[in-house]
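**Q** Have a look at this prediction, sequence included:
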Amino acid sequence: MPVKITKLKSGKYRVSTPGGVKAKATTKEKAKRQANLLRGIDHGWKPTGKPARKTKRKRKSGGVKSPYRRGKNNPHPHGDWRTYFN
């Protein structure tokens with residue numbers, strides 16, 4: 001269902017769909033948010049009240065790992081820290 005945002009003479013905005021008016025005399029930012037919500041519901045999104053999951057950042061492809069990273073093959077130059085406690 002297409003969502004239409006129209007500007008009123010008063011400077012406010014109206015959000016409407018073919019099914020009727022969904023918001024009257026709202027701000028532009030709120031109208032955009034409501035239109036986005038209505039489109040999401042139309043595409044199968046179900047409001048659960050939980051916040052959205054954050055997307056994981058992907059490492060740049062083709063990137064070279066730092067040669068100074070610590071690991072099995074690159075121990076700390078002063079020795080392993082575990083040796084101090086044994």
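**A** Good, I have the coordinates.
**Q** and the helix or strand encompassing A35, what does it pack onto?
**A** Per DSSP states H and E: A35 is located in helix 28-42. Helices and strands touching helix 28-42, by 3 or more C-beta pairs under 8 Å, 6 or more residues apart in numbering; DSSP states H and E, are strand 4-7, strand 13-17, strand 20-26. No exception for glycine: its C-beta is placed from N, CA and C like everyone else's.
**Q** helices or strands up against the last one?
**A** If I follow you right, that is strand 20-26. strand 13-17, helix 28-42.
**Q** And the ones you listed: which comes nearest G49?
**A** For G49, the closest of the helices and strands packed on strand 20-26 is helix 28-42, at 13.4 Å, according to C-beta to C-beta.
**Q** picking that back up, out of the helices and strands packed on strand 20-26, indicate the one that is most buried.
**A** strand 13-17 (a mean of 18; mean count of other C-beta atoms under 10 Å).
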